[in-house]
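# quick one, fold the following:
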Amino acid sequence: MRILWFTGVQLPAVTGKGINRAGWQEGLRRALNQYHPDLQLIIASFGTETYQPFSVENATYHNIYRKPKPVTGWERIIKNWMHKTHDQEELDRCLDIYNLVKPDLVFIFGTENPFGLLINRFNVPAVVSIQAVLNGLIMRLFSGLSPLELLKNIFSKETILGRGIFHKWWTLKKYSRIEKIIYKRCQYFNGRTDWDKSWLTRLNPDAHYFHIDRILGESYYQAKWNHEDSNENLIFTVSSNASFKGGITLVRALVVLKERGFGDIQLRLAGIDQASQVGKHISRLVKTHELKDQITLLGRLHPSEIVNEMLNARLFVLPSHMDNSPNSLAEAMMLGMPCLASDAGGIPSMLRDNEEGILYQHNDINALADQIERLFYEPGMALKLGIQARKTAQVRHDPERIVREMYLTYQEVLSRSSK
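Below is the predicted model of the structure:
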């Protein structure tokens, strides 16, 4: 069986480095190599440096050449304002790879890239692995920002330069239309939550859905959180430079807790750059409410660093206003951390409220503050939730089971398509 993967990220065999994002793709490749060495993968990904196809273990890697970003400031600004979603030449290169390798099946990671637009050009079946659902995400893109903050963003330097949240919205609007086309053209999808399944039903009710969970990074299977080794009153979260990820919301919850007299709570946020718009909003909140000694922006971390941060913290909080199946929550659950998460998107499919963690309404800052206070002051309950979260995650993210289900999915799609 020869499977052609199209992915928007380069795997370690190409970069020669570890992988900081989409590590579950490398985890799946490794597990397929371990349990099904007969399966041949051809992995095609974007890159600005050309290289000849090469093979390592069960995979042959192909480059989809992408032009480097513009060098001069004016070129970058013009390109930003164009809100271009893809280059037809890149799609042609994808089709060239497909025609060269002649796979039995095409497997596409996500709809954030334009690979799915080629589905009607393939004469073999294709499966789209749902990552984000852009049509759902765009509804919450501005979440986490107040009307005044949005107004400031409109007239900011970032907007003039073609960056920032409004340009993100314009571009995402285009990607959302492309996503609808991809959903209509594809008949086979795999996902992980009730939320992504419901979006598939909405966008293509005739498509077939396979539930397949994700393999996590190796270090999360090896480590285990311990209450005694963690720091009292320390919260950790993994966020991003997007307001809908809830970093600003979590800081506002700390403001509420400080007003209630809980000024000793510490928060460490990974994934947020201080120079980003979200980072600047947080910095203003920190200055206004004198939170300098309580909040630390860590920037982008290596997976091993994230593991250490989780092991050191007393509580993991996921304040996202929209997410399908956030890896960071899965990772915290695997370690056995007490987890507090919003009820956005597919999160309730991952964490059962009051059984494996606590859920709160995504836009209710007071409820978020209430539950942080509750988990800190009821350590026995928090410990029980963490223990059950780990048990659930160990089953859900078992590599052998996931690979078996993925392999059977490939077989079933090929069987259905041959009839």
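# helices and strands around the helix or strand hosting Arg202, which ones?
Counting by DSSP states H and E, the element that carries Arg202 is helix 194-203. The contact analysis (3 or more Cβ pairs under 8 Å, 6 or more residues apart in numbering; DSSP states H and E) places helix 194-203 against helix 134-137, helix 165-185, strand 188-191, strand 208-211, helix 347-350. All C-beta spots, glycine's among them, are computed from the backbone N, C-alpha and C.
# tell me which of these sits most buried.
strand 188-191 (a mean of 23; mean count of other Cβ atoms under 10 Å).
# coming back round to it: including distance to Leu41 and mean pLDDT, could the helices and strands packed on helix 194-203 go into JSON lines?
Shown next, in JSON lines, are the helices and strands packed on helix 194-203 (distance: least, Cβ to Cβ, whole Å; pLDDT from 0 to 100):
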{"stretch": "helix 134-137", "distance to Leu41": "26", "mean pLDDT": "96"}
{"stretch": "helix 165-185", "distance to Leu41": "22", "mean pLDDT": "94"}
{"stretch": "strand 188-191", "distance to Leu41": "16", "mean pLDDT": "97"}
{"stretch": "strand 208-211", "distance to Leu41": "18", "mean pLDDT": "97"}
{"stretch": "helix 347-350", "distance to Leu41": "27", "mean pLDDT": "97"}
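# can you confirm Asn63 is in a strand?
Yes. Per DSSP: H, G, I helix; E, B strand; the rest coil, Asn63 lies within a strand segment.
# what score does the nearest residue to it once chain neighbours are set aside have for pLDDT?
With sequence-adjacent residues excluded and distances taken as Cβ to Cβ, 6 or more residues apart in numbering, Asn63 is closest to Gly47, at 4.7 Å. Looking at Gly47, its pLDDT is 90.
# what about Gly47, neighbour count?
Residues near Gly47, counting by other Cβ atoms under 10 Å, number 16.
# which residues are in contact with it?
10, 14, 63-66 (Cβ atoms under 8 Å, 6 or more residues apart in numbering).
# what is the nearest of those residues to Ser417?
Nearest to Ser417 out of the contacts of Gly47 is Ile64 (Cβ to Cβ; 24.7 Å).
# what pLDDT does that closest one get?
Value for Ile64, per-residue pLDDT: 94.
# what of the one 3 residues further on?
As summarised for this prediction, Lys67 has a pLDDT of 84.
# need the three-state assignment for it.
coil.
# hang on, it packs against Asp87?
Yes. The criterion here is Cβ atoms under 8 Å, and Lys67 meets it with Asp87 at 7.4 Å.
# between these two, which is the more surrounded one?
Between Lys67 and Asp87, counted using other Cβ under 10 Å, the more crowded position is Asp87 (12 against 9).
# picking up where we left off before, which residues does the residue nearest to Asn63 bridge with?
Tyr65 (DSSP bridges).
# quick check: it vs Leu117, distance?
20 Å (Cβ to Cβ, to the nearest Å).
# got the residue ranges for the helices in the stretch 301-419 of the chain?
303-312, 327-335, 347-350, 365-377, 379-396, 399-418 (DSSP state H, counting those that start in this stretch).
# out of these, the one nearest Lys245 is which?
The nearest among the helices of the stretch 301-419 of the chain, by Cβ to Cβ, is helix 327-335 at 10.0 Å.
# and the angle for the helix holding Arg202 with helix 165-185?
Angle of helix 194-203 versus helix 165-185, following axes from the mean of the first three to the mean of the last three Cα atoms, to 10 degrees, is 70 degrees.
# show me what the mean pLDDT comes to for helix 194-203.
So the average pLDDT for helix 194-203 ends up being 97.
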